[in-house]
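> sequence and computational prediction follow.
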Amino acid sequence: EQCRLIDALIAEARSGRSRVMVLRGEPGIGKSALMQYAAETGPDFHVARADGVESEMELPYAAVHQLCRPMLDHLDRLPEPQAAALRIAFGLRAGPPPDRFLVSLAVLSLLSGQAESQPLLCLIDDAQWLDQASAQTLAFVARRLYGESVAFLVGIRDGDETDPFAGLPEVNLTGLADVDARTLLMSAIPGKLDGQVSERIVAESAGNPLALLELPHGWSAEGLAGGFGLPQSVPVRDRVEASFRRRIATLPAPTRMLLLVAAADPQGDLALLWRAASDLGIGFDAAAPAEREGLVSIGARVAFRHPLVRSAIYRTAPVADRQNVHRALAGATDAARDPDRRAWHRAQSASGPDEDIAAELEQSAARAKARGGLAAAGTVEPVAAAGR
């Protein structure tokens, strides 16, 4: 049913009528899978993506920059006030804090211009983790798309009380029906599965597809075959994340450290990953076990199977390892091109007050204000003060 709705969304945009859809649901319910389906359904579309990441919530316009970065060579086609506002917001030029209305109009114009020559599919996943400036801008754009051949898909978790996408056309995703849940479960288990165990997994997963695929990883072959020693019932998110933690724990130490480097910086920048990994003495061969386990894909960019993989890696790691990884990432980040990200990595690597890092954070807050990211500046400034 949901795929049919996405088919219709793609068809409408292809015919010149922009459409917006917000996919809501718990972690693992299928939002990202439906977005991937949309990308595969529209091979004639230009695809622009932005993924919300917790660690970027303090960086103003981070998600908008992620979405628009491939289109920035078209900035000169925008009206000058809009182009100037977007350049300041993205830190491409200096100037007074940009008017947010102009920034939002600029993004709308940029997407509309991109769609003139080729239909455009915008995929905004994990929107609950968007920085505030990006969330407001993208919601503004979504409400003003009409005849631009743009398909705009947003994936967001349930329970976000400050959801800027409220009121837009939405689809609430719920669990699979029992019959479909059993089919998916059996497709993921090569051996014998006891009937009572099957029913237990289906019941505990509440039809959540990711849970159905991951819960069996935490059980022994004997448990799957006969139902002995089954785990106690806990929330699906916790069970899935615990399954990922168990799988991560079996990996070699260099592989776990490489995954931690990738989890600590959400850009997915391959060059940055390997610069930081080299500083930590990690070789290229460390990636293979994690890829074989299906936890991460390292191609042109680094992509985790699911956001819960990233959180499981980061939460499991010892504090000292996290600090070492952030220190390496700070050293690998270009201070001239991305000073704010470097400052945040340095702050995460600190084990106590540091005047140097506090000064960098204050400068980061000042740059956030200059770009119009007042909420981000308000987050950074107390951290800088505490760093003294």
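Perfect, I can see it now.
> check which helix or strand residue 66 maps to.
helix 62-68 (DSSP states H and E).
> strands along the stretch 101-250 of the chain, start to end?
Applying DSSP state E, counting those that start in this stretch to the stretch 101-250 of the chain gives strands spanning 120-125, 150-157, 170-172.
> residue 205 is nearest to which of these?
strand 150-157 (17.1 Å; C-beta to C-beta). (C-beta placed from N, C-alpha, C; glycine too.)
> tell me which strands and helices the closest one is in contact with?
helix 2-14, strand 19-25, helix 31-41, helix 100-117, strand 120-125, helix 132-142 (3 or more C-beta pairs under 8 Å, 6 or more residues apart in numbering; DSSP states H and E).
> contact partners of the helix holding residue 66?
The contact list for helix 62-68, computed with C-beta atoms under 8 Å, 6 or more residues apart in numbering, reads 48-52, 56, 86, 89-90, 103, 107, 110-111, 122, 124, 130-131, 133-135, 137-138.
> can I get the strands of the stretch 101-250 of the chain in JSON lines with mean pLDDT and distance to residue 12?
Formatted as JSON lines, the strands of the stretch 101-250 of the chain follow (pLDDT from 0 to 100; distance: least, C-beta to C-beta, whole Å):
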{"stretch": "strand 120-125", "mean pLDDT": "96", "distance to residue 12": "12"}
{"stretch": "strand 150-157", "mean pLDDT": "95", "distance to residue 12": "8"}
{"stretch": "strand 170-172", "mean pLDDT": "94", "distance to residue 12": "15"}
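> tell me which of those strands sits nearest to residue 290.
Nearest to residue 290, of these and by C-beta to C-beta, is strand 120-125 at 21.2 Å.
> could you give the angle of the closest one to strand 150-157?
Comparing the axes of strand 120-125 and strand 150-157 via axes from the mean of the first three to the mean of the last three C-alpha atoms, to 10 degrees yields an angle of 10 degrees.
> and strand 120-125, which strands flank it?
Strand 120-125 has the following strand partners under DSSP bridges: strand 46-51 (parallel), strand 150-157 (parallel).
> in the last one, what's buried?
Spelled out, that is strand 150-157. Applying a neighbour-count criterion of 16 or more other C-beta atoms under 10 Å, the buried positions in strand 150-157 are 150, 151, 152, 153, 154, 155, 156, 157.
> can you pick out the most distant pair from these?
Maximum distance among the buried residues of strand 150-157 (C-beta to C-beta): 23.8 Å, for 150 and 157.
> picking up where we left off before, so which of the strands of the stretch 101-250 of the chain comes closest to residue 282?
strand 120-125 (28.0 Å).
> tell me how far that closest one lies from the chain's centre.
A distance of 12 Å separates the centroid of the chain from that of strand 120-125, by C-alpha atoms, centre = their mean, to the nearest Å.
> what does it contact?
10, 13, 31-32, 35, 38-39, 42, 45-52, 63, 67, 111, 114, 130, 138, 148-155.
> hey, what's residue 121 bridged with?
residue 47, residue 151.
> count of residues packed around it?
26 (other C-beta atoms under 10 Å).
> same check, this time on residue 270
Residue 270 has 14 nearby residues by other C-beta under 10 Å.
> for residue 153, see how far away it is.
Distance, residue 270 to residue 153, by C-beta to C-beta, to the nearest Å: 26 Å.
> next: residue 109.
20 Å.
> over to residue 107?
The value you get for residue 107 to residue 153, if C-beta to C-beta is used, is 16 Å.
> do the same with residue 309
22 Å.
> give me the nearest residue to the residue sitting nearest the centre point of the chain, chain neighbours excluded.
Nearest to the geometric centre of the chain sits residue 51, at 3.5 Å (C-alpha atoms, centre = their mean). Counting by C-beta to C-beta, 6 or more residues apart in numbering, residue 125 is the residue found nearest to residue 51 once chain neighbours are left out, at 4.9 Å.
> just after the helix or strand in which residue 346 is found, pick out the following helix or strand.
Remark: residue 346 resides in helix 339-349, with elements defined by DSSP H and E. Heading C-terminal from helix 339-349, the first helix or strand you meet, by DSSP H and E, is helix 355-370.
> show me what that following helix is packed against.
helix 339-349, helix 374-386.
> contacts only, for residue 178.
Residue 178 touches 202, 207, counting by C-beta under 8 Å, 6+ apart.
> returning to that earlier point: just the buried ones from the contacts of helix 62-68?
48-52, 56, 86, 89-90, 103, 107, 110-111, 122, 124, 130-131, 133-135, 137-138.
> I'd say residue 248 and residue 258 touch.
No: applying C-beta atoms under 8 Å as the test, residue 248 and residue 258 come out as separate, 11.4 Å apart.
> neighbour count winner among these two?
Neighbours were counted for residue 248 and for residue 258 using other C-beta under 10 Å; residue 258 has more, 30 against 20.
> wait, the more buried one sits on residue 284?
No: counting by C-beta under 8 Å, residue 258 does not reach residue 284; the two are 9.3 Å apart.
> which one is residue 28 nearest to, not counting chain neighbours?
Per C-beta to C-beta, 6+ apart, closest to residue 28 is residue 210, 2.8 Å.
> separation between residue 65 and residue 17?
28 Å.
> of the two, who's got more company?
The neighbour comparison of residue 65 against residue 17 (other C-beta under 10 Å) goes to residue 65, with 20 against 16.
> distance of that one from residue 90?
Distance from residue 65 to residue 90, by C-beta to C-beta: 5 Å.
> tell me where the stretch 201-350 of the chain is predicted with low confidence.
217-237 (pLDDT under 70).
> quick one, helices of it?
209-214, 221-226, 236-249, 253-264, 270-279, 287-292, 307-316, 319-332, 339-349 (DSSP state H, counting those that start in this stretch).
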